[in-house]
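Peer 1: Give me a model of this one.
(one chain, ligands or ions: 1)
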Amino acid sequence: MKVYVTKNYEDLSKKAATIILSQVVLNPYSVLGLATGSTPIGTYKYLVEFYKNKEIDFSNVISINLDEYKGIASENNQSYRYFMDNHLFKHINIKMENTYIPDGLASDDDKECKRYNDLITSLGGIDLQLLGIGVNGHIGFNEPSEYLEKYVHCVALSQSTIDVNSRFFNNIDEVPKYAYSMGVKNIMSSNKILLLVSGKSKAKALYDCLYGPITTMNPSSILQLHKDLTIVSDEDAFSVIKQKV
Ligand code: PGA
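Peer 2: Here you go, the predicted structure:
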């Protein structure tokens, strides 16, 4: 496990983008597992900058996202497809047909989960998976629970996640209650994992992720078992570890 502690969010974003740049330079055909949320926005901003400076070429890269809300069309500005297009894909030379995200409007959950799972397999797995962490320890939409799903599944979001995500919606009733998400085996099968953690609100979650017991009640704790985990945290997110360890 490698841990980088950066001064602030800006430095975290630059460091994370540099790690992704190295991955793509070493293997231009990389399959990148990508994530949405507030945390990776700065990383995507730097990747766009690197692309504009001709430091990175995405023409042979394949991306596959962790999750998508169920019941939301891709054109909806709350969809993760919309997020990815606007924060990254539209600004770089990745081929749109090489960008994959679950279909939020799929009519048959089981079929959509199987399709997406088979897709990951057909791509030969994920070379580098970018991850954020929820304040409740979720990764992707794998929520604290008595058991964890291994593969792509349709999940009922926890109240904590609905509350946290309501900041992006007009009111809490608009927040989708279900999502499609990769399972923990999909995530853990990635060759490399890059976990980004920013801000004081995530400090306890990061401590529990790295030092807590490995339990399904904290899905992120399973990352302790990954063979190639890199964490980029800012000082605020690292504050509880600094104090306790
Ligand atoms: P955030 O979400 O980046 O918006 O904090 C991370 C997550 O919930 O996985």
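Peer 1: element containing residue 155?
Peer 2: Taking DSSP states H and E as the definition, one finds residue 155 inside strand 153-156.
Peer 1: quick one: buried residues of that strand?
Peer 2: 153-155 (16 or more other CB atoms under 10 Å). C-betas here are computed from N, CA, C, even on glycine.
Peer 1: Next to the ligand, which bits of this structure? Give me the list.
Peer 2: Within the chain, the positions adjacent to the ligand are 37-39, 132-134 by CB under 6 Å from any ligand atom.
Peer 1: Now with 8 Å, please.
Peer 2: When proximity is defined by CB under 8 Å from any ligand atom, the chain lies next to the ligand at 35-40, 131-135, 138-140, 161, 164-165, 196, 198-199, 201-202.
Peer 1: What about those, which are in strands?
Peer 2: 131, 196 (DSSP state E).
Peer 1: Narrow the residues of the chain next to the ligand to those that are buried.
Peer 2: 35-37, 39-40, 131-134, 138-140, 161, 164-165, 196, 198-199, 202.
Peer 1: Now intersect those residues with the helices, please.
Peer 2: Mapping these onto helices (DSSP state H) picks out 161, 164-165.
Peer 1: Pipe these into a markdown table and attach pLDDT per row.
Peer 2: Listed next are these as a markdown table, based on pLDDT from 0 to 100:
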| residue | pLDDT |
| --- | --- |
| 161 | 91 |
| 164 | 92 |
| 165 | 91 |
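Peer 1: which one of the residues you listed sits closest to residue 237?
Peer 2: Using CB to CB, residue 164 comes nearest to residue 237 of these, at 15.4 Å.
Peer 1: Which residues lie in contact with that closest one in this structure?
Peer 2: By CB atoms under 8 Å, 6 or more residues apart in numbering, the contact list for residue 164 reads 134-135.
Peer 1: Only C-alpha atoms, please: export stretch 73-81 in CSV.
Peer 2: Only the C-alpha atoms of stretch 73-81 are listed here, as CSV (Å, rounded to 0.1, in the frame of the first residue of the first chain):
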residue,chain,number,x,y,z
ALA,A,73,-31.8,9.1,-18.3
SER,A,74,-28.3,9.7,-19.6
GLU,A,75,-29.2,13.3,-20.7
ASN,A,76,-30.4,14.2,-17.3
ASN,A,77,-27.8,16.5,-15.7
GLN,A,78,-27.9,14.4,-12.5
SER,A,79,-26.9,11.2,-14.3
TYR,A,80,-23.4,9.9,-13.9
ARG,A,81,-23.1,9.7,-17.7
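Peer 1: Which secondary structure elements does the biggest helix by length in the chain sit against?
Peer 2: Among the segments of the chain that qualify as a helix by DSSP H, the longest is helix 9-26. Applying 3 or more CB pairs under 8 Å, 6 or more residues apart in numbering; DSSP states H and E, we find helix 9-26 packed against strand 2-6, strand 31-34, helix 41-52, strand 128-131, strand 192-197, strand 229-234.
Peer 1: Just the mean pLDDT for it, thanks.
Peer 2: Helix 9-26 carries an average pLDDT of 98.
Peer 1: same question, stretch 190-210
Peer 2: 98.
Peer 1: Tabulate the buried residues of strand 153-156 in a markdown table, adding columns for distance to residue 124 and pLDDT.
Peer 2: Listed next are these as a markdown table, based on distance: CB to CB, whole Å; pLDDT from 0 to 100:
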| residue | distance to residue 124 | pLDDT |
| --- | --- | --- |
| 153 | 21 | 98 |
| 154 | 25 | 98 |
| 155 | 25 | 96 |
